[in-house]
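quick check, what structure comes out for this input:
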Amino acid sequence: MNYFVIQNGRFIERYRCEVFSMSLALLFSLF
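Sure thing, here's the model as predicted:
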C-alpha cells in the first residue's frame, strides 16, 4: 500500500511538471 502511494505521488509530480511545461510552451507560442 505504501509503495503504491509513493509511486502514485511520483507519477502525479511528473505529470504536473509536464503539464506545466506544456502550458508554458503554449503561452510562449501564442505571444
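
can you pull up the most central residue in this structure?
Relative to the mean C-alpha position of the chain, the nearest C-alpha, by C-alpha atoms, centre = their mean, is the one of residue 16, at 2.0 Å.

what's the spacing between that one and residue 31?
23 Å (C-beta to C-beta, to the nearest Å). Glycine gets a C-beta too; all of them are placed from N, C-alpha and C.

again, but for residue 6
The gap separating residue 6 from residue 31 is 39 Å, by C-beta to C-beta.

ok, these two, which is more surrounded?
Taking other C-beta atoms under 10 Å, residue 6 and residue 31 do not tie; residue 6 has more neighbours (10 against 4).

host element of the more buried one?
Assignment of secondary structure by DSSP states H and E places residue 6 within helix 2-30.

in this structure, where is pLDDT below threshold?
Applying pLDDT under 70 to the chain flags the ranges 1.

again, 90 this time
Low-confidence segments of the chain, defined by pLDDT under 90, are located at 1-17, 30-31.
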